[in-house]
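Engineer: I'll drop the sequence and a predicted model, then ask my questions.
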Amino acid sequence: MASKDLANNLTMTQVLDPAVTTATANTTGLDLAGTSGAMINVLIGESGDTLSGSVKWDLILQDSSDNSSWSAVTDNKYVSFADVDSSGIYATIDAAAEDDANYPIGYHGPNRYVRVAVTKTGTHTNGTPIGATGITMPIHRPASGSDNGSATG
């Protein structure tokens with residue numbers, strides 16, 4: 001039955017355009033109104049720089065009640081697929097073995113918006129391809145597609 005497939009039960013949103021970057025970037029805030037869960041999947045490509053403890057990327061989960069003022073999520077009871085530390089960092093990419101990979105994190109916390117801050121440390125001369133997709137599970141089926149928008153439950 002088509003209503004049981006993922007396309008009829010999840011909404012995907014591009015929250016960070018894929019691009020080679022040398023600077024810190026934030027994904028767009030993912031609006032969780034009318035959803036029962038969310039995940040952001042950050043895609044890291046092969047870095048053109050030599051990654052190390054002093055040239056690295058940190059992925060920090062942040063949430064907000066107003067899509068304007070952001071705070072790091074530091075409580076693991078609000079996340080899945082990864083653990084956050086006291087700074088909200090859930091992944092550090094500081095070696096060649098860690099780039100060219102996906103870094104998903106789920107959020108089911110108390111705030112309406114969630115995003116990932118992709119922060120750089122050190123000098124990134126050549127850059128790293130980075131992009132991100134936000135995935136939500138609407139309480140009602142997504143408005144686009146062939147479904148009629150009725151409740152999924």
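Structural biologist: That came in fine, so what should we check first?
Engineer: Please enumerate the helices of the chain.
Structural biologist: Using DSSP state H, no helices are found in the chain.
Engineer: Report the central residue of it.
Structural biologist: I40 (2.6 Å; C-alpha atoms, centre = their mean).
Engineer: Let me see the contact set for that one.
Structural biologist: 15, 27, 30, 61, 104-105, 107, 114-116, 132-135 (C-beta atoms under 8 Å, 6 or more residues apart in numbering). Glycine gets a C-beta too; all of them are placed from N, C-alpha and C.
Engineer: what's the pLDDT at A143?
Structural biologist: Note on A143: pLDDT of 53.
Engineer: before we move on, what about A97?
Structural biologist: Note for A97: predicted pLDDT of 96.
Engineer: separation between it and A25?
Structural biologist: Using C-beta to C-beta, to the nearest Å, A97 is found at 23 Å from A25.
Engineer: between those two, who's got more neighbours?
Structural biologist: Per other C-beta atoms under 10 Å, whichever of A97 and A25 has more neighbours is A25, with 17 against 9.
Engineer: From A91, how far off is that one?
Structural biologist: Relative to A91, A25 is positioned 15 Å away (C-beta to C-beta).
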